[in-house]
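K.L.:
Structure, please.
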Amino acid sequence: MRLSVIIVNYNVKYFLEQCLYSVQKACAKLEAEVIVVDNNSTDGSRAFLEPAFPRVTFIWNNSNNGFAKANNQAIELVTGEYILFLNPDTLVPEDCFEKCIQFLQSQKNAGALGIKMIDGTGRFLKESKRAFPSPLTSLYKLSGLSALFPRSKIFAKYHQGHLSENENHEVDVLAGAFMMMPRNILTAIGSFDERFFMYGEDVDLSYRIQKAGYKNFYFSESSIIHFKGESTRRGSMNYVRMFYTAMSLFVRKHYSGSEARLFTFLIQTGILTRAALAACENLLKKAGLPILDAGIILTGFRVVKYFWSTYIRQDVNYSPNILQIAFPVFTAVFLIVSYYSGLYDKGYRQSQLVRSTIIAGLFILSGYGLLPESLRFSRGILLFGIILAFIIMNLLRQVFIKFRLLETDDEEEEKRQTIVVSNEKDFVAINNLMMNVGMQERVLGRVSTGFKEETTTALGIIEQLPDLIKKYRIREVIFCEDGLGLKDVINLVGKLPVGTRNKFHASGSRSIVGSDSKNVSGDYVAATKEYNITRPINRRNKRLLDIVVAIIFIISFPVQFFLQRKPVGFFKNVFSVLFGEKTWVGYTSNDSRFPRIRSGVITSTALPVQLNELPEESLIKTDEWYASEYSVMLDLQKIKIGYKYLYY
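P.N.:
As a prediction, this is how the structure comes out:
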């Protein structure tokens, strides 16, 4: 056996599907084996992948054993002369493995090889080549000097910034995302240290390779796509904890004396600094915009009140006490209504701000109309305060979008189109996938991969792709590697206009994957149904409805005692829903294909689980319809119909 490819999977089945298709093509001219170790994924990886790849050896763990231990499980089974450790969120070109093996054979004392990696947009990933961590390199990285001087041999030593990314080099550390080495060397130095759960195991192995007298090489004559961030979100508290724990372990294992103490101090400083930054970043992501909006709304009310009392109603004296209470209360109402209208959901749209402002304004003005005459001050102040706040919030959001501080999914972006680079057969398959998730209207057309007989039905040929993107204001490009080849795709993505979103589809696969940044989780389109109940606004409003209905039942408890057959069981359910243990309407079945929700007092048939007598197939269809068509009104209808069963 020439090559053994080892891949560790954890909840990234669609990315792994595309990875395995590319690996199979790269192994076409080699005698090779592929082993996938799954660390107890909960995304249905086994049912999705195992039937599709009968030639792949799968190991299905019952727990998440970590990256190092999972690799070691596969190492015990391999028979290849060379071993490749590969991440599941990667795509490899067809000639990649052959070139890497040839290079290793040509180098004296070659211990292992890493490769040039790019992200989904074609940007070079600096972690393709690294130096061993040391107190000074850590200090330069923590202080930001490495970012200020990215090409410096001293300050940018951690990512070897002084070494050209387009030339082969001897380096210290190879990324675990792609690490190839002769099996006899791994046998000699030992496999992964299982004390490293995730992160650091590649640094440790690279260090032991050099310590044994071998060389690590960065190979630039082939490139892979590494989407990154699929298993652990970079910048999250969990990432900070795991990364710096791994670095601490590496220092304790390989350093000693004053150097180790200094390094440990810097690592602890790094942990505290990164943890604080991550906490601030998470706080700003979740609450930064609402806090800013609260300040804008309060300021808007006060500015309008000043001009109103100074230039319009000079004869009216407004009670400071009333205004000090009223303005914050109306601001809170505005924020709450906006939250439940979806204003702070991921992917800002201007229409969300317009809709939220109108709904919040109606709530505030209606609430104002219900106040006693003695507490009223001026509808004009409220109305123009809301208008002023809307103008400022809109302008600030446009600034944030311009400087990429706010993710946008606005209407203008939606109008931009998708084009597919493929042959006619694969274009039909991709169109069907897009149709399945309701995005078929985005597909403008197909770009031919270069075969003359196919150009008559295409927008153009592959050489015209950059011009077509500009001409038709293309939002994203979907590359189908069949007929084009991943090698050609990888060479092309970096030449496309900035801002183009790239996705990838292997001919015959059931998904399309992509990622716009190395720091965020990737995106995918898959041959699985999209459910309305998964939308954040619907999940949030479902919970709000549960609470409101429970409170109404509690307030009207004397009436409920007469109307309900078993009031004790009824009120037990009321409090279970109120405290989040149950929801009023749940599924009839336990089918894992549907998005998870709390168990229901009644089910999607408006009956309790105990009274559902339909065949299992019918119950599953009912649940599928409920999840697909979910709305708050649907829940209200179910509660109304099943009211007499709410005691179960």
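K.L.:
Please count neighbours and contacts with C-alpha atoms only from this point.
P.N.:
OK.
K.L.:
what number of residues lie near Pro54?
P.N.:
Burial measure for Pro54: 9 neighbouring residues, criterion other CA atoms under 10 Å.
K.L.:
per-residue confidence at it?
P.N.:
pLDDT, the model's per-residue confidence, is 95 for Pro54.
K.L.:
measure Arg376 to Phe561 for me?
P.N.:
Distance of Arg376 to Phe561, given as CA to CA, to the nearest Å: 39 Å.
K.L.:
My error: substitute Lys211 in the last question.
P.N.:
78 Å.
K.L.:
okay, the two: which has more neighbours?
P.N.:
Taking Lys211 and Phe561 together and counting by other CA under 10 Å, Phe561 has the greater number of neighbours (14 against 11).
K.L.:
mind checking which helix or strand the more buried one is in?
P.N.:
Under the assignment given by DSSP states H and E, the secondary-structure element containing Phe561 is helix 557-563.
K.L.:
heading toward the C-terminus, what's the first helix or strand past that helix?
P.N.:
For helix 557-563, the following helix or strand on the C-terminal side (DSSP H and E) is helix 567-578.
K.L.:
Would you list the strands that the lengthiest strand in the chain pairs with, along with their directions?
P.N.:
For the chain, the strand reaching the highest residue count under DSSP state E is reported as strand 215-226. Strand 215-226 has its sheet partners listed here by DSSP bridges as strand 90-91 (antiparallel), strand 110-118 (parallel), strand 169-171 (antiparallel).
K.L.:
who wins for proximity to Ile551 among the ones you listed?
P.N.:
Between Ile551 and the strands paired with strand 215-226, the shortest gap by CA to CA is with strand 90-91, which sits at 50.3 Å.
K.L.:
And the strands in the stretch 301-450 of the chain?
P.N.:
Assignment of strands within the stretch 301-450 of the chain using DSSP state E, counting those that start in this stretch yields the ranges 417-421, 443-448.
K.L.:
most packed of these?
P.N.:
Among these, the stretch with the highest mean neighbour count (mean count of other CA atoms under 10 Å) is strand 417-421, at a mean of 24.
K.L.:
sorry, back to before: Throw the strands paired with strand 215-226 into JSON lines and include distance to Arg596, thanks.
P.N.:
Listed next are these as JSON lines, based on distance: least, CA to CA, whole Å:
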{"stretch": "strand 90-91", "distance to Arg596": "29"}
{"stretch": "strand 110-118", "distance to Arg596": "35"}
{"stretch": "strand 169-171", "distance to Arg596": "47"}
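K.L.:
which one of those lies closest to Gln160?
P.N.:
Nearest of the strands paired with strand 215-226 to Gln160, taken as CA to CA: strand 169-171 at 8.0 Å.
K.L.:
Now do that closest one, average pLDDT.
P.N.:
Mean predicted lDDT for strand 169-171 stands at 91.
K.L.:
Quick check: buried residues in it?
P.N.:
Of the residues in strand 169-171, Val171 count as buried by neighbour count, 16 or more other CA atoms under 10 Å.
K.L.:
what does the helix holding Phe561 contact?
P.N.:
553, 567 (CA atoms under 8 Å, 6 or more residues apart in numbering).
K.L.:
Buried ones in it, by neighbour count?
P.N.:
Of the residues in helix 557-563, those scored as buried under the neighbour-count criterion (16+ other CA under 10 Å) are Gln560.
K.L.:
just to revisit the earlier point, and Gly190, which of the strands paired with strand 215-226 is closest to it?
P.N.:
Across the strands paired with strand 215-226, Gly190 has its closest neighbour in strand 110-118 (12.7 Å, CA to CA).
K.L.:
Which residues does the closest one contact?
P.N.:
Around strand 110-118, the neighbours that count as contacts under CA under 8 Å, 6+ apart are 100, 104, 124-125, 128-129, 165, 174-175, 178-182, 185, 206, 209-210, 214-226.
K.L.:
Drop anything exposed from those residues.
P.N.:
The buried subset of the contacts of strand 110-118 - by 16+ other CA under 10 Å - is 100, 104, 124-125, 128-129, 165, 174-175, 178-182, 185, 206, 209-210, 214-220, 222-226.
K.L.:
Mind telling me what element Asp467 is part of?
P.N.:
Using DSSP H and E, Asp467 sits within helix 465-471.
K.L.:
err, Arg543, not the other one
P.N.:
Element membership of Arg543, judged by DSSP H and E, is helix 536-555.
K.L.:
list the helices and strands that helix packs on?
P.N.:
Helices and strands in packing contact with helix 536-555 are listed as helix 320-340, helix 567-578, strand 583-586, helix 632-641; criterion 3 or more CA pairs under 8 Å, 6 or more residues apart in numbering; DSSP states H and E.
K.L.:
tell me, which of the ones you listed is the model least confident about?
P.N.:
Set side by side, the helices and strands packed on helix 536-555 differ in mean pLDDT, and helix 320-340 is lowest with a mean of 84.
K.L.:
With Ile641 as the reference, measure out to Ser604.
P.N.:
Ser604 sits 11 Å away from Ile641, taking CA to CA as the criterion.
K.L.:
Out of the strands paired with strand 215-226, which is closest to Leu396?
P.N.:
For Leu396, the closest of these is strand 110-118, at 33.5 Å, according to CA to CA.
K.L.:
and the closest one, what's its mean pLDDT?
P.N.:
This predicted structure assigns strand 110-118 an average pLDDT of 93.
K.L.:
Ok, stretch 547-555 next?
P.N.:
So the average pLDDT for stretch 547-555 ends up being 93.
K.L.:
So which bits of that stretch are buried?
P.N.:
Counting neighbours by 16+ other CA under 10 Å, stretch 547-555 gives 547, 549-551, 553 as buried.
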